[in-house]
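Visitor: Sharing a model prediction with you, sequence too.
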Amino acid sequence: MALAKKQAMGRGLSALLKDPENEITSVNDKNADKVVGNIIELELELIEINPFQPRTNFNEDSLQELATSIRELGVIQPITVRKTEFNKYQLISGERRLRASKIVGLTTVPAYIRLADDNESLTMALVENIQRHDLDPIEIALSYQRLIDEIQLTQEQMSDRVGKKRSTVANYLRLLKLDPIIQTGIRDGFISMGHGRAIINVENHDVQTDIYQKIVSQNLSVRETEALVKNYQEGFKQKTELVTKTSSFDVNEDEKKSFNDYFGTKVDVKVAGNGKGKITIPFHSEEDFNRIIKLIKA
């Protein structure tokens, strides 16, 4: 009885929404209270994909499994849409269900109706996306970054909005500093987020990719990766200290005086920390220049 009543209500709302005289795109419009938050059977052809959808990867095998379930049981959980204009709707969440319904050949799906502007739509889509359990870490990081860039949320505001610790949000965002090859490796499951967090401590992207290749080829654990990164950092520090120690030197005053006496002018000698430097010999006329050239060639 309750189901029949609910379906009848859905048909009534469908008729209301299809009436041009009952255009509803704002919560202030007439009959908006009868639409918002209710479920109707909505034609698939009236629903456009959300351009703000943060998710870009849809596993085909997973979609086929969902399509099989929908074919047998129907769409159990309604999708969520927002009304954009007369007889047009934009998907907020539930794109997998929408795609699977099209595979099955359904013409309608159950849908919650929301009235939201672009920012609200993006926020709802991103937050709903982040709270899924089957997202890869890079998808989550990109969703966080979009909330920062497009909604102008701080990390603290965002952590409140999505129900995550600020440190958790920061750890995801740091993954976006990894070389794109490594980000793809995380998305494809070749390495974990833990591996990525270890690699991010190396700034050089070429070294990052070298470490990534070793992780994949040698099947290194996160702890082994952390040790590898630590060894690299210590080795790099020792190498830098060695180069500085062996290459740098000072030009003493006697050597400078010898230059000055030989060229008959004050010669400027500068030495950098890596052992490189330059000698500047000033001249005051063409005749003076030719004199210095002869001394250099002598």
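Guide: Now that the structure is in, tell me what you want to look at. Residues are numbered from 1 along each chain as shown.
Visitor: Which stretches in the stretch 151-298 of the chain count as helices?
Guide: Assigned helices in the stretch 151-298 of the chain, in chain order: 155-162, 166-174, 180-187, 193-199, 205-218, 222-247, 253-263, 286-297 (criterion: DSSP state H, counting those that start in this stretch).
Visitor: thought residue 156 was touching residue 165?
Guide: No - using C-beta atoms under 8 Å, residue 156 is not in contact with residue 165; the gap is 10.5 Å. Glycine gets a C-beta too; all of them are placed from N, C-alpha and C.
Visitor: which residues does residue 77 contact?
Guide: Listed by C-beta atoms under 8 Å, 6 or more residues apart in numbering, the contact set of residue 77 reads 94, 97.
Visitor: Need the three-state assignment for it.
Guide: When classified by DSSP: H, G, I helix; E, B strand; the rest coil, residue 77 comes out as coil.
Visitor: And residue 42, by the same measure?
Guide: Look at residue 42: counting by three-state DSSP, its state is strand.
Visitor: So what sits opposite it in the bridge?
Guide: Counting by DSSP bridges, residue 42 forms beta bridges with residue 109.
Visitor: Could you count how many residues lie near it?
Guide: 23 (other C-beta atoms under 10 Å).
Visitor: wait, it sits on residue 108?
Guide: Yes - with contact defined as C-beta under 8 Å, residue 42 counts as touching residue 108 (6.1 Å).
Visitor: rank the helices of the stretch 151-298 of the chain by pLDDT, which is bottom?
Guide: Set side by side, these give their lowest mean pLDDT on helix 222-247, at a mean of 70.
Visitor: And the contacts of stretch 212-225?
Guide: With C-beta under 8 Å, 6+ apart, stretch 212-225 has contacts from 179, 181-182, 185, 190-192, 194-195, 198-199, 211, 228.
Visitor: same thing but 10 Å
Guide: Stretch 212-225 is contacted by residues 178-179, 181-182, 184-186, 190-199, 211, 226-228 when judged by C-beta atoms under 10 Å, 6 or more residues apart in numbering.
Visitor: what do you get for stretch 287-298?
Guide: So stretch 287-298 is contacted by 262, 263, 264, 265, 267, 281, 282, 283, 285 (C-beta under 10 Å, 6+ apart).
Visitor: Which among those residues count as buried?
Guide: The neighbour count (16 or more other C-beta atoms under 10 Å) marks 263, 265, 267, 281 as buried among these.
Visitor: Enumerate every residue touching the nearest residue to residue 279 once chain neighbours are set aside.
Guide: Of all residues beyond its chain neighbours, the one nearest residue 279 is residue 269 (5.4 Å), with distances taken as C-beta to C-beta, 6 or more residues apart in numbering. Residue 269 makes contact with 250, 251, 255, 256, 259, 260, 277, 278, 279, 280, 281, according to C-beta under 10 Å, 6+ apart.
Visitor: ok, 8 Å please
Guide: Per C-beta under 8 Å, 6+ apart, neighbours of residue 269: 251, 255, 256, 259, 277, 278, 279, 280.
Visitor: measure the residue found closest to the third one once you drop the neighbours it is linked to in the chain to residue 253 for me?
Guide: Distance criterion C-beta to C-beta, 6+ apart; nearest residue to residue 256, sequence neighbours excluded, is residue 269 at 5.9 Å. When distances are taken as C-beta to C-beta, to the nearest Å, residue 269 and residue 253 turn out to be 11 Å apart.
Visitor: can you check residue 99 too?
Guide: According to C-beta to C-beta, residue 99 stands 80 Å off from residue 253.
Visitor: More neighbours: the two, which one.
Guide: Neighbours around residue 99 and residue 253, counted as other C-beta under 10 Å, are more numerous at residue 99. The numbers are 15 against 8.
Visitor: Within the helices and strands, which one has that one?
Guide: Element membership for residue 99, per DSSP states H and E: helix 95-104.
Visitor: Now do that helix: everything it contacts.
Guide: If you take C-beta under 8 Å, 6+ apart as the criterion, helix 95-104 is touched by 44, 47, 49-50, 53, 55, 58, 62-64, 66-67, 69-71, 75, 77, 79, 91, 109.
Visitor: how close does residue 217 sit to residue 149?
Guide: From residue 217 across to residue 149, the span is 36 Å (C-beta to C-beta).
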